[in-house]
Structure formats: structure tokens, C-alpha cells
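> Here is a sequence with its predicted model. Questions after.
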Amino acid sequence: MKQNLFSPKEVDLGQLKVGQTTKVVFQSEDSSFPVKSVSASCGCSKPVHKDGVITVTYRPQPIPAHLKDQGSYIATKFITVLYKGREQERLSFKAKVVA
């Protein structure tokens, strides 16, 4: 199977505020490979696959206690695309989350 069917493979969302909902879109470069499922690395990201497009709704969580003095953190999230036949692809996005 050809790798990297979705584009872009990585997205930098820049700076987001805690609780600010945003969407990330990954477009299929070849829709002939059927997607069995998509899953997120955490509960703050909700991926939906439809017609060769994965749209992820992301809502940054509060700054962890050990990083409060810093006032921000870098969040990196992953989306796993599982194709029929057990092949898979990993997509990612990141953001600097501020209070």
C-alpha cells in the first residue's frame, strides 16, 4: 500500500487558547483505499471521516498544574487511520496552548 495517503501529514495550528475549539482537516490523496476507522490519541480530539476527508474537532484542555507558571504548553495530538487490510497511517497536529 502507498503510504501517506492523507495530506498534510502534520499540521501546526499555531497558538490557541484553552477551550478554543478549532478544526483540522486532512484530505485523502487517493480515495481508492477504504478507511476502516479513525481514532484520536485523546478525548479532546474528535475525528470524523467522510468521503476521503478527515475532520478533527480539537478543544485544548487547561494548562497542567506543573506548567501553570509557564502560562502555556505544547500539545501534540495524533490521529490513527486504519485501512481495511490492517494497514495504518498516523497523522498529527500541534498547538501552543495559552491561558
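Okay, I see it.

> Return the distance of residue 35 relative to residue 18.
The gap separating residue 35 from residue 18 is 31 Å, by C-beta to C-beta, to the nearest Å. Quick note: C-beta positions are derived from backbone N, CA and C, even for glycine.

> The two: which is more packed in?
Of the pair residue 35 and residue 18, residue 35 is the one with more neighbours under other C-beta atoms under 10 Å, namely 18 against 14.

> now that we're looking at the closest residue to residue 9 other than its chain neighbours, which residues does it contact?
Excluding the flanking residues, the one nearest residue 9 by C-beta to C-beta, 6 or more residues apart in numbering is residue 91, at 5.9 Å. If you count contacts by C-beta atoms under 8 Å, 6 or more residues apart in numbering, residue 91 has them with 6, 9-10, 26, 54, 78-81.

> what's the least confident helix or strand in the chain by mean pLDDT packed up against?
In the chain, no helix or strand scores lower on mean pLDDT, DSSP states H and E than strand 6-7, which sits at a mean of 86. Using 3 or more C-beta pairs under 8 Å, 6 or more residues apart in numbering; DSSP states H and E, the elements in contact with strand 6-7 are strand 22-28.

> cutoff 10 Å now
Counting contacts by 3 or more C-beta pairs under 10 Å, 6 or more residues apart in numbering; DSSP states H and E, strand 6-7 is packed against strand 22-28, strand 88-98.

> Between strand 88-98 and the shortest one, find me the angle.
Angle of strand 22-28 versus strand 88-98, following axes from the mean of the first three to the mean of the last three C-alpha atoms, to 10 degrees, is 160 degrees.

> one step back: dump the contacts of residue 91 to JSON lines, plus secondary structure.
Listed next are the contacts of residue 91 as JSON lines, based on DSSP: H, G, I helix; E, B strand; the rest coil:
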{"residue": "6", "secondary structure": "strand"}
{"residue": "9", "secondary structure": "coil"}
{"residue": "10", "secondary structure": "strand"}
{"residue": "26", "secondary structure": "strand"}
{"residue": "54", "secondary structure": "strand"}
{"residue": "78", "secondary structure": "strand"}
{"residue": "79", "secondary structure": "strand"}
{"residue": "80", "secondary structure": "strand"}
{"residue": "81", "secondary structure": "strand"}
